[in-house]
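J.: From the sequence below, what's the structure:
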Amino acid sequence: MILSPEPLGDCFLQQYKHDEAFDRFEQAYEIEQKHSFLPQEHQLTLKLAEFYEKVDLTKHTKYSTRFYQISVQLRHNRGDEHMK
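T.: Below is the predicted model:
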């Protein structure tokens with residue numbers, strides 16, 4: 001069983017502990033990417049892209065690009081071919 005650090009990151013975020021929160025989100029991202037948990041990675045890349053938009057444009061671009069790639073892959077996996 002793999003436990004994601006993402007819920008702990010959400011708790012830190014609610015406590016306004018942004019550094020701790022996004023450390024956990026980065027850890028969760030690595031786990032989800034390593035194990036190909038696309039739906040979870042999709043959700044997390046959006047969260048990371050939104051955060052980094054304000055503080056680090058390089059990371060924002062990285063996560064925004066990955067979010068788009070996963071979106072396309074998930075759409076194709078569902079068979080949404082009419083959107084091509």
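
J.: Packing partners of the longest helix seen in the chain?
T.: In the chain, with assignment by DSSP state H, the single longest helix is helix 57-78. On a contact count with 3 or more Cβ pairs under 8 Å, 6 or more residues apart in numbering; DSSP states H and E, helix 57-78 meets helix 38-55. C-beta: built from backbone N, CA, C; applies to glycine.

J.: quick one, the helix it packs on and helix 57-78 angle?
T.: 160 degrees (axes from the mean of the first three to the mean of the last three Cα atoms, to 10 degrees).

J.: Can you pull out the residues in contact with helix 38-55?
T.: 4, 6, 18, 22, 25-26, 28-29, 32-33, 59-60, 63-64, 66-67, 70-71, 73-74, 77 (Cβ atoms under 8 Å, 6 or more residues apart in numbering).

J.: quick revisit: for the longest helix of the chain, buried residues please.
T.: By neighbour count with 16 or more other Cβ atoms under 10 Å, helix 57-78 contains the buried residues 59-60, 63-64, 66-67, 70.

J.: got it, and stretch 5-17?
T.: 5-6, 8-9, 12-13.

J.: again, but for stretch 27-35
T.: 28-29, 31-33.

J.: rewinding a little: I'd like the buried residues of helix 57-78 as CSV, with distance to residue 47 appended.
T.: Listed next are the buried residues of helix 57-78 as CSV, based on distance: Cβ to Cβ, whole Å:
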residue, distance to residue 47
59, 12
60, 12
63, 9
64, 12
66, 12
67, 9
70, 13
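
J.: show me where pLDDT drops low in the chain?
T.: Filtered on pLDDT under 70, the chain yields the residue ranges 1-3, 80-84.

J.: Please repeat the previous calculation with a cut-off of 80.
T.: Residues of the chain that meet the criterion pLDDT under 80 lie in 1-3, 36, 79-84.
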